[in-house]
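Asks: When you get a sec, could you give me coordinates for this:
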Amino acid sequence: MSEQNSLITNPPIPGAPSVAAPSLAEPVEPREPLPPKPDQDAPETVSPTGTPTGAAKTVNSQSGRFLTTAQGARVADTDHSLKAGPRGPVLLQDHHLREKITHFDHERIPERVVHARGAGAHGTFVANGAAAGVTKAGFLAKDVETPVFVRFSTVLGSRGSADAVRDTRGFATKFYTDEGTYDLVGNNIPVFFIQDSIKFPDVVHAAKPHPDREIPQAQSAHDTFWDFVSLHSEAQAHTMWNMSDRGIPRSYRTMEGFGVHTFRLQNAAGETTLVKIHWKPKQGVHSLVWEEAQIINGMDPDFHRRDLADSIEAGAFPQWDLGIQTFPDTEDEMFEGIDLLDPTKFVPEELAPVQIIGTMTLNANPTNYFAETEQIAFHPGHLVPGIDVTNDPLLQGRLFSYIDTQISRLGGPNFAQLPINRPHAPVNDMLRDGMHQTAVHGGVAPYWPNSLDGGCPFLAGEDMSAYIDVPQELPASRKVRENPATFEDHFSQVRMFFKSLTPLEQDHVISAYTFELGKVYEENLRVRQLQNLANIDERLCAEVANGVGLAAPAPIEQVEDHEPSPTVSQIGGTWPVEGRIIGVIADANSDVTAVARLSSLINDAGMVPLIIAPKGGKLDGGLVVQRTYLTARSTEFDALIVAGAATPGDDAANSRDAKAGSPGVTIDPRVALLLSEAFRHSKAIGGVGDVASVLQSSAISPEAPGVVVGDATPVLTTLTELLSKHRVWDRFPVPAK
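Replies: Okay, here's the model as predicted:
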């Protein structure tokens, strides 16, 4: 080993399971539990009634050096049941066995009906004061910092489903304000499938797996889903967004968020404004390509969870700007011809620009998934002074549904007392008893008014930051089961959305519809959905019809044309590259000093370098290998750099790895697969040194767009510029239609 190589240092790579490396032998010296990892956090230590305890956040963690029962009695043996002799029956009196098995049998709680598959993180929100003119909400005042917990999720799949499915994503944020907890419960799509919450059980039943076979899991490409949406033309808006690239986001941290509904804000003077709420990711809005998503779901079904946790551990903290679109609070609650109470409509940003009112940074992973991410309970009715709901019929139903759900999932009405749900404001609610009551209430008069408890609790006035249901004049009306006429336009915004996409993105939409309808068994369902597409766009319908082998119907509705909205497209801008993952392909023949320098340059740029080699361990000089030809797949990386000869590894045989291909090749087929996949997924590819033969074996021209060969520094500089655009979109230009 040369002296120069001995100076090689390895940049930190996220993914360590524990704060300390394990010993080779089983530890036998008793010690206290290890602390959380540096990237982990836990709920604030407030009491069940919101009082700060001053205790460390680890106070709710396990304690003590020795294994105990749930009652604190130390245990000497947890490997053997108490038996009547070594071969005798197990005795009923084995209380440790009974406690251990009984608790295990009850470890699981009912999973969420929707949004079951989730990932969460702790963070902070800092307001910039721009909202002060429209709301008196204290946490939106200038420079106020508020702790938050965010839960991202898919909608359709079970807890055990894959991450990179075509689906809507939940984006729910809990703000622990000093005026009470505020929950912003939204999605990554600004419109919803239905206009009235009474249809919510129907759309979920239709989208979930078929009840007879419980398949397909976590996907919309099946008969019941397309039966429902083809019969409900109001669902075409959300379906179009889902069929776009928005349905398969690259990561949670490159995902936009929307409050979906229109909310009403009130300022200190009592003036009201209608708003729609947006989360704008600092790294831009980016998506996967469809083949990439399909590979990911097989190779790494935890792809989005891992990406979020690793980016936080690596210090590339995800950030979003919180923004609002504001509208006059008029009697008709309309804006530019758009009904603001219709949840299947969005307001193009050209008509109402998004005003940024603060920034959220996620900077810590949960300490325990179940206690935090699984038990967190959101509700759109958790509001603070200055923020109120509207009469959106979908939102109105959600105000009932969420509490009902939490009572079922979390075992009773006291779910707000779980540590992750506890308010950071004083709680004196006069609510008593119930399952899982952890507060110890004093006093004898949990009613209002009272004199036995000295009159406490007292009602707060408007000048004391009391929550106010904003007074609203209601016109004379009659009880009816119907929608306003303004809810009846189901196609014009869908057409506008499609026409707002670039030709490449339109091709992706066509492909998505063709794939989904191609998985539908009943032909009449495909024909019915094609009729909806015909009402949206003639070319879209014709291309999909051709793909599924059916005739394209003529439109039967006259649809108004709107100007395209450029903000709908995800292509065309540049964004920061922090947290992007670069795979560096190296082997024993590589210039290890150059590879180490390249790895350091990537790390210094805020990205994560992962060394890919024929086998695990270390290269010459101590350079740690993070992935091998066996374990690596192109989908994990945002870009690849070839820095070796890629000669076949010792396990390059079909009997070991079917991807290894035929014997006798000079380039390991798994490297060729890595590169060819990355190339057709429009990812940037670099080469350092003599890599012509490797590229040639992968059918990649060094002159192709987004392929850069040369010395380490200029290669990385150019690759970074390419990554700022997310992908090399001009590698495969779309033919003129």
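
Asks: Spatially nearest residue to Met170, not counting backbone neighbours?
Replies: Actually, residue 170 is Gly. It isn't Met. Leaving aside its sequence neighbours, Gly170 sits nearest to Ser153 (Cβ to Cβ, 6 or more residues apart in numbering; 3.9 Å). All C-beta spots, glycine's among them, are computed from the backbone N, C-alpha and C.

Asks: residues in contact with Gly358?
Replies: When contacts are counted by Cβ atoms under 8 Å, 6 or more residues apart in numbering, Gly358 touches Phe125, Val126, Ala127, Asn128, Ala130, Ala131, Leu140, Asp321, Leu322.

Asks: wait, which of those is closest to Ile194?
Replies: For the contacts of Gly358, the residue nearest Ile194 by Cβ to Cβ is Leu322; the value is 26.3 Å.

Asks: Show me what that closest one bridges to in the sheet.
Replies: Trp279, Gly358 (DSSP bridges).

Asks: show me where the stretch 401-550 of the chain has helices.
Replies: Using DSSP state H, counting those that start in this stretch, the helices of the stretch 401-550 of the chain run over 492-500, 503-518, 523-536, 538-548.

Asks: hmm, back to that, give me the buried subset of the contacts of Gly358.
Replies: Buried members of the contacts of Gly358, counted by 16 or more other Cβ atoms under 10 Å: Phe125, Ala127, Asn128, Ala130, Ala131, Leu140, Asp321, Leu322.

Asks: Excluding chain neighbours, what is closest to the second one?
Replies: If the residues on either side of it in the chain are set aside, Ala127 comes closest to Gly358, at 4.0 Å by Cβ to Cβ, 6+ apart.

Asks: do the same with the fourth one
Replies: The spatial neighbour of Ala130 that comes closest, neighbours along the chain excluded (Cβ to Cβ, 6+ apart), is Ile357 at 4.7 Å.

Asks: what residues are up against that neighbour?
Replies: Ala127, Asn128, Ala130, Ala131, Leu140, Leu322, Gly323, Ile324.

Asks: Now tabulate the residues you listed in JSON lines and tack on secondary structure, distance to Ala485 and pLDDT.
Replies: Supplementary listing: the contacts of Ile357 in JSON lines, determined by DSSP: H, G, I helix; E, B strand; the rest coil; distance: Cβ to Cβ, whole Å; pLDDT from 0 to 100:
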{"residue": "Ala127", "secondary structure": "strand", "distance to Ala485": "39", "pLDDT": "98"}
{"residue": "Asn128", "secondary structure": "coil", "distance to Ala485": "40", "pLDDT": "98"}
{"residue": "Ala130", "secondary structure": "coil", "distance to Ala485": "36", "pLDDT": "98"}
{"residue": "Ala131", "secondary structure": "coil", "distance to Ala485": "33", "pLDDT": "98"}
{"residue": "Leu140", "secondary structure": "helix", "distance to Ala485": "35", "pLDDT": "98"}
{"residue": "Leu322", "secondary structure": "strand", "distance to Ala485": "34", "pLDDT": "98"}
{"residue": "Gly323", "secondary structure": "strand", "distance to Ala485": "31", "pLDDT": "98"}
{"residue": "Ile324", "secondary structure": "strand", "distance to Ala485": "28", "pLDDT": "98"}
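
Asks: Please identify which of these is nearest to Pro12.
Replies: Distances from Pro12 to the contacts of Ile357, taken as Cβ to Cβ, are shortest for Leu322 (30.6 Å).

Asks: Make sure that closest one is actually in contact with Ile356.
Replies: Yes: counting by Cβ atoms under 8 Å, Ile356 is a contact partner of Leu322 at 7.1 Å.

Asks: Which residues are in contact with each of the two?
Replies: Shared contacts of Leu322 and Ile356, defined by Cβ under 8 Å, 6+ apart, are found at Lys280.

Asks: and stretch 418-425, how far apart are its ends?
Replies: One end of stretch 418-425 sits 15 Å from the other (Cα to Cα, to the nearest Å).

Asks: before we move on, what about stretch 683-700?
Replies: 12 Å.

Asks: Going by neighbour count, which residues in it are buried?
Replies: Those would be 683-689, 691, 694-695, 697-698, 700, for stretch 683-700 by 16+ other Cβ under 10 Å.

Asks: pLDDT averaged over that stretch - what is it?
Replies: Mean pLDDT, computed over stretch 683-700, is 94.

Asks: Then stretch 94-106?
Replies: For stretch 94-106, the mean confidence score works out to 93.

Asks: Stretch 519-526 too?
Replies: 98.

Asks: contacting residues around that stretch?
Replies: Residues from elsewhere that reach stretch 519-526, judged by Cβ under 8 Å, 6+ apart: Pro216, Ala221, His222, Asp223, Trp226, Asp227, Ser230, Leu517, Gln529, Val548, Leu550.

Asks: can you rerun that using 6 Å?
Replies: Contact with stretch 519-526 is made by Ala221, Asp223, Trp226, Asp227, Leu517, Val548, as judged by Cβ atoms under 6 Å, 6 or more residues apart in numbering.

Asks: repeat for stretch 678-697
Replies: So stretch 678-697 is contacted by 289, 292, 634, 639-643, 646, 667, 672, 700, 702, 706-709, 712, 715, 719, 722, 727-728, 731 (Cβ under 6 Å, 6+ apart).

Asks: now stretch 260-267
Replies: The contact list for stretch 260-267, computed with Cβ under 6 Å, 6+ apart, reads 134-136, 186-187, 192, 272-276, 340, 343, 386, 388, 390, 392, 395, 470.

Asks: Pull out the buried positions in that stretch.
Replies: Val260, His261, Thr262, Phe263, Arg264, Leu265, Gln266, Asn267.

Asks: Looking at the residues you listed, spot the one nearest Ala586.
Replies: Among those, and counting by Cβ to Cβ, the member closest to Ala586 is Val260, at 46.9 Å.

Asks: next one: phi and psi at that closest one?
Replies: phi 70, psi -60 (degrees, to the nearest 10).

Asks: Now do the strands in the stretch 201-350 of the chain.
Replies: Using DSSP state E, counting those that start in this stretch, the strands of the stretch 201-350 of the chain run over 257-258, 263-266, 272-281, 319-328, 334-335, 338-339.

Asks: distance of Thr718 from Lys683?
Replies: Separation of Thr718 from Lys683 (Cβ to Cβ, to the nearest Å): 14 Å.

Asks: repeat for Lys659
Replies: Taking Cβ to Cβ, one finds Lys659 at 18 Å from Lys683.

Asks: Check the secondary structure at the residue lying farthest from the centre of the chain for me.
Replies: Computed with Cα atoms, centre = their mean, the maximum C-alpha offset from the centroid of the chain is found at Gly85, amounting to 53.5 Å. Put simply, Gly85 is coil when judged by DSSP: H, G, I helix; E, B strand; the rest coil.
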